[in-house]
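S.K.: Model the following, please.
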Amino acid sequence: MTYPALRTWIGGVAEDSPESDGSWLHDPNTGEPLAPSLSSSTAQVDRAVAAAQAAHDDRRWRGSTPERRAELLDALAEWVDVRAEEIARLDALNSGVPISVTRLFGGANGATLRDAGRRAVAVQDSRLLPAEQGEVRLHRVPWGPTALILPWNAPSAMAVKKTAFALAAGAVVVLKPSSFSPWSAQLLLEGAHAVGIPDGVVNLVQGSGGVGRRLVGDERIAAISMTGSTPTGRAIAATAAARFARLQLELGSNNAAIVRADADLPAAAKALADGVLKLSGQWCEAPRRVLVDRARRDELAALLADEFGRRVIGSSLDEATEVGPVAFAARRTELEEQRDRLVRQGAEVFRVDRTPDSGWFFAPSVAVLDGPGLADEVFGPMIQVGAYRDEDEAVRIANTGQVGLAGYVFGGDEAAAAALGTRLVAGEVKVNGTSVLDMSAQSAQSFFGASGLGGHGDDDVLDFFVGKQIVGVDRPGLPL
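M.R.: All right, here's what the predicted structure looks like:
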């Protein structure tokens, strides 16, 4: 198959990305180099921000109606729907996530674009407020040029989600995809241009950390939405603090699961295995640590090892694969180092030793070790199983370390399990399940603790890109 050229998009024009450090994009299934990894120049980054600033200043996008923006988002949705299979294959190569999953993401991208447009139409850009003295309006005003910093684990889904809601809100954007997964963003920019989204509204820069630092450090960037690692999030927050740029940061979390004494252990083991192995273990809300009654710890660990052993491990492009490789070589190396550290702490590790010889495969592993475990997030197909004496201890251990995104509770008494879930430091807690999708159409989730800033309920995401402004006739005769 052919791969999109890594172009830089500025003001509606695609340019060559001229910088290269000699690195390549690889097929994670084989390690084979596929295409050179190219970066935008610093001058291109500056010009991309300037193009976004000009589009914000002359109101070519925020000055249009929500209905018109939704119309163009619908057109972009049709464009990406036609290319859903191509997007799925590119995502599977960029991330190592099995194509059966990337097809789900690719097939949902159009719906995400349409939904964002509908939500913006529902809330409108301004509305009248009750006032007897004259007209008073609440306006939703985009902050200004917005940087969208994208992760590598769900390339098209995250590019589309952030872009869709920013555009629906009237914001202009500069996208910076991960240097490990740049292809979906390329296609999205082609689509935005093809359907007539005005030039300068959506811009794209390519590259790794240096390009990202240049982008978020630009004084003209008024807001930053980023999904990625905690160290990167901290660096962005420090850079943005001086100018008070608005931030939405979804970072790492060692998400805990508590298995209550009345839980169906085989069912819990299956759900936990499903959760930790989704996206080849590479999703931010996966269960990473399981706490279970001391008497049942070894039984649960054995059940999890059995579940891991039943999964089909193979190429991310294979229809039958359930667990693919991790996205790149350094990701596998870090997982191996984390597993070694757990062993040095005294963990007994069960792993599935039937991974392919080539590519970036990491053997799915169950580490049996009491206590909180590693301080850093484990981002791959590995889970820790530890014991607790009582539920108070389980909560204390679960809330130790870097937490805040998600939590899980398993139990026969669902009301009691949900009550226990309220004690976890997490924005979303699921009872007896580990699905990726929201539990309700009205779900909202804040990022607690060190897991980030903001949240990612759909209404929260739409609200992030705008500030609220009141304009109207003042009330006469007020005493102060």
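S.K.: quick one: stretch 325-339 to chain centroid distance?
M.R.: A distance of 19 Å separates the centroid of the chain from that of stretch 325-339, by CA atoms, centre = their mean, to the nearest Å.
S.K.: oh, I was asking about stretch 423-437
M.R.: How far stretch 423-437 lies from its chain's middle: 16 Å, per CA atoms, centre = their mean.
S.K.: cool, and stretch 448-465?
M.R.: 11 Å.
S.K.: what about that stretch, start to end distance?
M.R.: 20 Å (CA to CA, to the nearest Å).
S.K.: correct me, but residue 178 touches residue 158?
M.R.: No: under the criterion of CB atoms under 8 Å, residue 178 makes no contact with residue 158, lying 9.3 Å away. C-beta coordinates here come from the backbone N, C-alpha and C atoms, glycine included.
S.K.: anything in contact with each of the two?
M.R.: 150-151 (CB atoms under 8 Å, 6 or more residues apart in numbering).
S.K.: For residue 7, give its distance to residue 13.
M.R.: Residue 7 sits 9 Å away from residue 13, going by CB to CB, to the nearest Å.
S.K.: quick one: which of the two has more around it?
M.R.: residue 7 (19 against 13; other CB atoms under 10 Å).
S.K.: residue contacts, that one?
M.R.: So residue 7 contacts 14-17, 186, 189, 204, 206 (CB under 8 Å, 6+ apart).
S.K.: Using a markdown table, lay out those residues together with distance to residue 311.
M.R.: Output for the contacts of residue 7, formatted as a markdown table (distance: CB to CB, whole Å):
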| residue | distance to residue 311 |
| --- | --- |
| 14 | 41 |
| 15 | 43 |
| 16 | 42 |
| 17 | 38 |
| 186 | 32 |
| 189 | 36 |
| 204 | 36 |
| 206 | 34 |
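S.K.: just the buried members of those residues?
M.R.: 15, 17, 186, 189, 204, 206 (16 or more other CB atoms under 10 Å).
S.K.: Going by distance to residue 171, which of the residues you listed wins?
M.R.: residue 204 (15.2 Å; CB to CB).
S.K.: picking up where we left off before, tell me which of the contacts of residue 7 fall in helices.
M.R.: 186, 189 (DSSP state H).
S.K.: Keep only those of the contacts of residue 7 that are in strands.
M.R.: 14-16, 204 (DSSP state E).
S.K.: Give me the phi and psi for the spatially closest residue to residue 263 that is not a sequence neighbour.
M.R.: Nearest residue to residue 263 in three dimensions, chain neighbours excluded: residue 410, at 4.2 Å (CB to CB, 6 or more residues apart in numbering). Note on residue 410: its backbone torsions stand at phi -120, psi 130 [degrees, to the nearest 10].
S.K.: Domain ranges for this protein, per the record?
M.R.: Domain assignment for the chain by automatic domain parsing gives 7-251+447-470, 256-431.
S.K.: which one of those domains lies closest to residue 437?
M.R.: Across the domains of the chain, closest to residue 437 is domain 7-251+447-470 (CB to CB), at 9.5 Å.
S.K.: How far does that closest one stretch from one end to the other?
M.R.: Where domain 7-251+447-470 begins and where it ends lie 41 Å apart, using CA to CA.
S.K.: shaky segments in the stretch 301-450 of the chain?
M.R.: Applying pLDDT under 70 to the stretch 301-450 of the chain flags no residue at all.
S.K.: would TSV of the buried ones among the contacts of residue 7 with pLDDT and distance to residue 46 be doable?
M.R.: Converted to TSV, the buried ones among the contacts of residue 7 look like this (pLDDT from 0 to 100; distance: CB to CB, whole Å):
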residue	pLDDT	distance to residue 46
15	98	13
17	97	14
186	96	21
189	98	18
204	98	14
206	97	14
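S.K.: quick check, nearest of the residues you listed to residue 225?
M.R.: Looking across the buried ones among the contacts of residue 7 and measuring by CB to CB, the closest to residue 225 is residue 204, at 14.9 Å.
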